[in-house]
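Q: Sequence and predicted model, in that order:
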Amino acid sequence: MVSGTGSNLAALLAAHDDPGYGARVVAVVADRRGIRALDIAAEAGIPTAVVSVKDFDDRAAWDAAVAETVSVFQPDLIVLAGFMKLFGATFLERFGGRIINTHPALLPAFPGAHGVRDALEYGAKVTGCTVMVVDEGIDTGPILAQAAVAVEPGDDETSLHERIKVVERSLLVEWVGRIARGGLTVDGRHAEVG
Ligand code: GAR
């Protein structure tokens, strides 16, 4: 699931043709039209769907429509690869425990939509990225993997985010493959693979 430029999606697509990887992207679902991520999916021949909040009366109706749309593709795992909306009860009841997300900070520090900016403004010297299981909170789910990235003097949000994203892409690709090959178990705050 995507909302933006799709570099994490592109990294997953670069990995999924290898049968040893264990996972294949069956579909890409976005919450908005006209984003680069949808072009990347289309260029790779992957089915796409867009379910936009503004096409629905309220968030609950949107949430139910996203759940319906995703279920058509019968995914084993749902990967939020730069997806910037929160799910509601319907989606989480249907797919809870098999949704993972990637976030550009070392959670629980700097959750939310501006993880890179918030780390910079705080003056953190080390930040990074987190792959986690999605729960009902904002970036609060059990953590699967993290990697650190140093904040360099003179960094701005763009330069730091680009360096984080290099590390983030390989972490996400690695852990999606590990889940596909070994399975994902969640026990309270602890997420285990294989
Ligand atoms: C990634 O850095 C991802 O962690 C972030 O959006 C970027 C998407 O990049 N997601 C969040 O901040 C979620 N809270 P991409 O579209 O190039 O894959």
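A: Yep, that arrived.
Q: any chance you could map the strands in the chain?
A: For the chain, the strands defined by DSSP state E cover 28-30, 48-50, 78-80, 99-103, 126-133, 143-150, 184-187, 190-193.
Q: Out of the ones you listed, which is closest to Thr69?
A: Nearest to Thr69 among the strands of the chain is strand 48-50; the distance by Cβ to Cβ comes to 5.0 Å. Where C-beta positions appear, they are placed from N, C-alpha and C, glycine not excepted.
Q: Quick check on the nearest residue to Ala27 once chain neighbours are set aside: phi, psi?
A: Distances taken as Cβ to Cβ, 6 or more residues apart in numbering put Phe73 closest to Ala27, at 3.9 Å, once the chain neighbours are dropped. Here is the backbone geometry of Phe73 (degrees, to the nearest 10): phi -90, psi 0.
Q: distance of Phe73 from Ser170?
A: To Ser170, Phe73 is 25 Å away according to Cβ to Cβ, to the nearest Å.
Q: residue contacts, the residue of the chain found nearest the ligand?
A: Across the chain, the shortest distance to the ligand (Cβ to the nearest ligand atom) belongs to Gly82, at 2.6 Å. When contacts are counted by Cβ atoms under 8 Å, 6 or more residues apart in numbering, Gly82 is found next to Val2, Ser3, Gly4, Thr5, Gly6, Ser7, Asn8, Leu9, Ala37, Thr102.
Q: Could you list which of those belong to helices?
A: Using DSSP state H, the subset of the contacts of Gly82 located in helices is Ser7, Asn8, Leu9, Ala37.
Q: so how far is Glu68 from the closest residue to the last one other than its chain neighbours?
A: Nearest residue to Ala37 in three dimensions, chain neighbours excluded: Gly6, at 2.8 Å (Cβ to Cβ, 6+ apart). When Cβ to Cβ is applied, the distance between Gly6 and Glu68 equals 23 Å.
Q: From the neighbour counts alone, determine which of these two ranks first.
A: More crowded of Gly6 and Glu68, by other Cβ atoms under 10 Å: Gly6, with 22 against 13.
Q: So for the residue nearest to Ala27, what's the pLDDT?
A: At Phe73, the model reports a pLDDT of 98.
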